[in-house]
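In: pasting the sequence and the predicted coordinates here, then a few questions.
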Amino acid sequence: MKNFEVYNQWNIEPVRGSGCKLWDKNGVEYLDLYGGHAVISIGHAHPHYVAAITQQLHDLAFYSNAVQCGLRDRLAEKLGAISGYPHYRLFLCNSGAEANENAIKLASFHTGKKKLIAFKGAFHGRTSGVVTATDNPSIIAPYNESPNVVFLPLNDSALVEKELAAGDVAGVIIEGIQGVAGIVLPTDGFLQDLRELCSKYGATLIVDEVQSGYGRTGKFFAHQYAAIEPDLITVAKGMGNGFPVSGVLIAPHIEPVKGMLGTTFGGNHLACAAALAVLDVIEKENLIDKAAALGNYVMSSLKNATVIRELRGRGLMIGVELHPEHAALRTKMLSEHKIFTGSAGANVIRLLPPLTVTEQELQRFVQVINE
Ligand SMILES: Cc1ncc(COP(=O)(O)O)c(C=O)c1O
């Protein structure tokens, strides 16, 4: 059997990683400023993470949600404390799309309504339900076309209010910062308006922090810059540093009903051990403040670069939009300079490094851009 080829791939096979470094099968070293789509939060092969998962593997890798699991309780407690949401509840699952599926389902159960507002440029995942809230018709199969989702422009509160006023909207879903669109920020004022409007019209505010969460932006969640509390917050990617684990943080006014949500693998022992180890490291190594400081370093170091059309982002979630004539820099970054970065469209470089990255490592990127 062969793999079902659905990806464009670089001709590189990484076989080993440590911190922000990767080595391919020929021994060539790379600097990883992408973390495999923002997944590697605490660095490759972090010793505390390796030890925690290894120990858990020896103890108990898996049992179902039908039994008590102290690890799961500890994870919920620790995540609540570090993220500033100790009063919320946590539902654990396995991927970003799955977290958003569950959040949308909860919004609909809770309100008894079926419409969803999403935003132009949004990416919320590829599974059947949530792909309908992803603004990319080329990945929506005929089966998934839905009359229940309306896409509105980002940062236009008046249009959101007009749509909500019809009274049939279950939820509004928005990324803390749009990632796949090329690091596009909702304004703080817009997020505050969404909070107010959702409360006014009885809709659920869902903030997708799958890419922008877990300390990446210099706060635990990007929406915390706007000082709002969504009803539902989704997390994945950096949560497990590569171990598949995701979750929905659920506001206390949304009551759990038995059978409302469910999963076989979600919240399993290994996943909880991985997610707890990630939070330990974020806390011990002060990675959230570091992300804020290093983000400022990159932004200020690049502000006069002539190849850049626009610099966007917060903390270590940075979009470098190049003038179109310099778009090739994106591929040269990897082929010539051995630096992994992400992309969005033809000429945006996405920087999503492990939060353990050092200033010296970021300097290599800055130098290439400036020179
Ligand atoms: C904001 C956002 N939401 C959801 C997803 C989907 O996550 P997953 O690929 O883990 O299903 C992604 C993936 O890139 C994302 O960036």
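Out: Structure's in. What do you need?
In: for whichever residue of the chain sits closest to the ligand, give me its contacts.
Out: Nearest residue of the chain to the ligand (Cβ to the nearest ligand atom) works out as Gly96 at 2.2 Å. C-betas here are computed from N, CA, C, even on glycine. Applying Cβ atoms under 8 Å, 6 or more residues apart in numbering to Gly96 gives the contacts His124, Gly125, Asp208, Val210, Gln211, Thr234, Ala236, Lys237, Ser246.
In: filter the residues you listed down to the ones near the ligand?
Out: Filtering the contacts of Gly96 for proximity to the ligand by Cβ under 6 Å from any ligand atom leaves His124, Gly125, Asp208, Val210, Gln211, Ala236.
In: isn't the fourth one up against Ser246?
Out: Yes: shown here, Val210 and Ser246 form a contact pair, counting by Cβ atoms under 8 Å, at 7.3 Å.
In: those two: who's more crowded?
Out: Val210 (28 against 25; other Cβ atoms under 10 Å).
In: now the more buried one: closest residue in space, sequence neighbours ignored.
Out: In this structure, Val210 finds its nearest non-sequential neighbour in Gly96, 3.8 Å apart by Cβ to Cβ, 6 or more residues apart in numbering.
In: do Phe62 as well
Out: Asn268 (4.7 Å).
In: list the contacts of that neighbour.
Out: Taking Cβ under 8 Å, 6+ apart, we find Asn268 in contact with Ala61, Phe62, Tyr63.
In: would you list these in CSV and tack on neighbour count?
Out: As requested, the contacts of Asn268 are exported to CSV (neighbours: other Cβ atoms under 10 Å):
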residue, neighbour count
Ala61, 13
Phe62, 11
Tyr63, 11
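In: same list (those) but as CSV, adding pLDDT.
Out: Formatted as CSV, the contacts of Asn268 follow (pLDDT from 0 to 100):
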residue, pLDDT
Ala61, 97
Phe62, 97
Tyr63, 96
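In: which residues touch the most centrally placed residue in the chain?
Out: Note on the chain: the residue nearest the mean C-alpha position is Gln211, at 1.5 Å, using Cα atoms, centre = their mean. By Cβ under 8 Å, 6+ apart, Gln211 lies in contact with His37, Ala38, Gly96, Glu175, Gly176, Ile177, Gly179, Val180, Lys237, Met317, Leu352.
In: mind redoing it with 6 Å?
Out: Ala38, Gly179, Lys237 (Cβ atoms under 6 Å, 6 or more residues apart in numbering).
In: mind checking which of the residues you listed are in helices?
Out: Within the contacts of Gln211, residues falling in helices by DSSP state H are Ala38.
In: quick one: Arg350 is in a helix?
Out: No: counting by DSSP: H, G, I helix; E, B strand; the rest coil, Arg350 is located in no helix; its state is strand.
In: helix/strand/coil for the closest residue to Thr187 other than its chain neighbours?
Out: The spatially closest residue to Thr187, leaving aside those adjacent along the chain, is Asn155, at 5.4 Å (Cβ to Cβ, 6+ apart). Assigned by three-state DSSP, the conformation of Asn155 is coil.
In: hang on, isn't Asn155 packed against Leu185?
Out: No: applying Cβ atoms under 6 Å, one finds Asn155 not in contact with Leu185, separated by 8.9 Å.
In: what's the helix or strand for Gln360?
Out: Following DSSP states H and E, one finds Gln360 within helix 359-370.
In: can you give me the mean pLDDT across that helix?
Out: The average pLDDT within helix 359-370 is 97.
In: can you name every helix or strand that it contacts?
Out: Applying 3 or more Cβ pairs under 6 Å, 6 or more residues apart in numbering; DSSP states H and E, one finds that helix 359-370 contacts helix 287-302.
In: list the buried residues in the helix it packs on.
Out: Neighbour-count burial for helix 287-302 flags Leu287, Ile288, Lys290, Ala291, Ala292, Leu294, Gly295, Val298, Met299, Ser301, Leu302 (criterion: 16 or more other Cβ atoms under 10 Å).
In: near the ligand, list only the ones from the residues you listed.
Out: Counting by Cβ under 6 Å from any ligand atom, no member of the buried residues of helix 287-302 is near the ligand.
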